[in-house]
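[1] test case, fold it:
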Amino acid sequence: MHTATAGKADGLTIQAGLAQSDSFVVASCHICNNRNIKIMANGNNLTSCNSSILSSSAPSTSGTGISLNTNIREVVNNNDDVVNFLLETKFSRLNYDDKLFIVKLKPRPQMKNLIMKNKGSRGNRGFNNNWYDKYNWLTGSEKRNKLYCWSCLLFSETKQSPWTSGYDDLKHLSESLQKHGNSEQHTHASLKFKLFGKNNIQDSIDSAHVQSILKHNELVKENREIITRLIDMIIYLATQEQAFRGHNESRDSLNQGNFRELASLLSKYDNKFKVFLDESSVFTGLSKTIQNELIESINKVISEIIENEIKMSPFLSWQVDETTDINCRSQVSVIFRYVKEGKAVERFMGFFDASEGRTAADLFNLLIENFSKYDITNKLIGQTYDGASVMSGELNGLQSRVKQIAPQALFTHCYAHRRLQVLSYRGGVINHPIIDY
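    Numbers count the residues shown, from 1 in each chain. Below you'll find the predicted structure:
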């Protein structure tokens, strides 16, 4: 009897992860060479019973006595049944190193118990080991007492063949061996067997894929740094209210426009940016299309920030005024005023095309279409326009229509327009210079 304390003692090694219940585990005994001994757990001490008595009740993957924790190299070193091990653990589940180790094996068991009894007075027919020399793919399992195809056992995708499930008909062995050797299934399996280990294609593909991902990520990082510079340039010009484009942006032009000239200036002090501008053939970021796309992207980000601020504010007011662009198209400018962190802030919401109609109804529909998402019915408490009847009319003007959906939205005449009217009036009635001393 062998005993074990704290997992290993007296030639006994505990196999972790094979406990069948709280009362026992599985161990390997290096003295009696029994790898499936049930160990009774008693506190911190583990006491084994006689291995010859308990080996019949030891847990295994089937009735053949191969432990789930058994390594293929242990099977070979102990002269165990390799074929039986593969039938239980499956070749496809092993790691690459174990697969490579197995492929190099050529198990040729004696198969002394594979006997076929003949009828009559003739003797019994047994397996002849010379079959191994004639068919080098032939192998067998003494524990299962059957013959197998070594290459099909490892690489065949079809498991219904008798040469993967086990063959024991010695009477028709010669005919069956010849037929299987010429089968398509065996040909494919043999080809995989011959090529396996020559070059680990999967490792090469994985390595190339990893390198490709790393290279791509590095390129993405560099491109993001370039885009950051372009965005900063756009924000700078917009903050300074400078025009982006020039009248002549060709390479020979003395002034290619603020955006291109600013990019040229930065490239003198930023080598990475200079290399990008000089060598990039697909995307340089200086075209008018890219400029407009970046401006739209920045506008989208800013709009999302403003939208979140408005949603957090309990009240808001707006100022709306009509103007025309350089093409004399009518458009409406909108400014929102609301409280953020206890302070009143103003946000320019943008210009909106009003060329399709400039009536009070048209302007009202335009505002509702663009700003109803801000819950103006409950939040809008103030509205400011100029003195035009379309905007400030108490009966049919824009302010009256807004009050129908937001009664708390008080109207205030724009003070800037009032000052302009005062100055215009004073300028019209004064016909002589005013001299101040």
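[2] what distance do you get for the nearest residue to residue 125 once chain neighbours are set aside to residue 169?
    Distances taken as C-beta to C-beta, 6 or more residues apart in numbering put residue 116 closest to residue 125, at 4.6 Å, once the chain neighbours are dropped. (Glycine included, C-beta is placed from N, CA and C.) Residue 116 sits 8 Å away from residue 169, going by C-beta to C-beta, to the nearest Å.
[3] against residue 208, how distant is residue 214?
    Distance of residue 214 to residue 208, given as C-beta to C-beta: 11 Å.
[4] hang on, I meant residue 75
    Taken as C-beta to C-beta, the spacing of residue 75 relative to residue 208 amounts to 35 Å.
[5] more neighbours, the two?
    Under the criterion of other C-beta atoms under 10 Å, the comparison of residue 75 against residue 208 puts residue 75 first, with 20 against 10.
[6] read off the pLDDT value for that one.
    Reported pLDDT at residue 75 in the predicted model: 74.
[7] in space, what's closest to it - neighbours in sequence excluded?
    Leaving out its chain neighbours, the residue that sits closest to residue 75 by C-beta to C-beta, 6+ apart is residue 85, at 4.9 Å.
[8] which strand or helix spans that neighbour?
    Using DSSP states H and E, the secondary-structure element containing residue 85 is helix 82-89.
[9] how far out from the middle of the chain is that helix?
    Between the centre of helix 82-89 and the centre of its host chain there is 38 Å, according to C-alpha atoms, centre = their mean, to the nearest Å.
[10] can you give me the mean pLDDT across it?
    The pLDDT scores in helix 82-89 average 85.
[11] ditto for stretch 135-144
    Stretch 135-144 shows a mean pLDDT of 91 in the predicted model.
[12] then stretch 161-168?
    For stretch 161-168, the mean confidence score works out to 88.
[13] got it, and stretch 222-238?
    Averaged over stretch 222-238, pLDDT sits at 93.
[14] gap between it and the chain center?
    Per C-alpha atoms, centre = their mean, the displacement of stretch 222-238 from the mean C-alpha position of its chain is 27 Å.
[15] contacts for it, please.
    If you take C-beta atoms under 8 Å, 6 or more residues apart in numbering as the criterion, stretch 222-238 is touched by 243-244, 258-259, 262-263, 266, 270, 272-273, 276, 285, 290-291, 294-295, 298.
[16] can you get me a residue count around the nearest residue in space to residue 410 that is not next to it in sequence?
    Computed as C-beta to C-beta, 6+ apart, the closest residue to residue 410 that is not its neighbour in sequence is residue 382, at 5.5 Å. Residues lying near residue 382 (other C-beta under 10 Å) number 17.
[17] and the next helix or strand past the helix or strand bottoming out on mean pLDDT in the chain?
    Here the helix or strand of the chain ranked lowest by mean pLDDT, DSSP states H and E is helix 51-54, holding a mean of 32. Toward the C-terminus, helix 51-54 is succeeded by helix 72-77 as the next helix or strand (DSSP H and E).
[18] how distant is that following helix from the center of its chain?
    Relative to where its chain is centred, helix 72-77 has its mean C-alpha point 40 Å off (C-alpha atoms, centre = their mean).
[19] how about the lengthiest helix in the chain: buried residues?
    The helix of greatest length in the chain, counted in residues with DSSP state H as the criterion, is given as helix 201-239. Within helix 201-239, the residues scored as buried using 16 or more other C-beta atoms under 10 Å are 226, 229-231, 233-234, 237.
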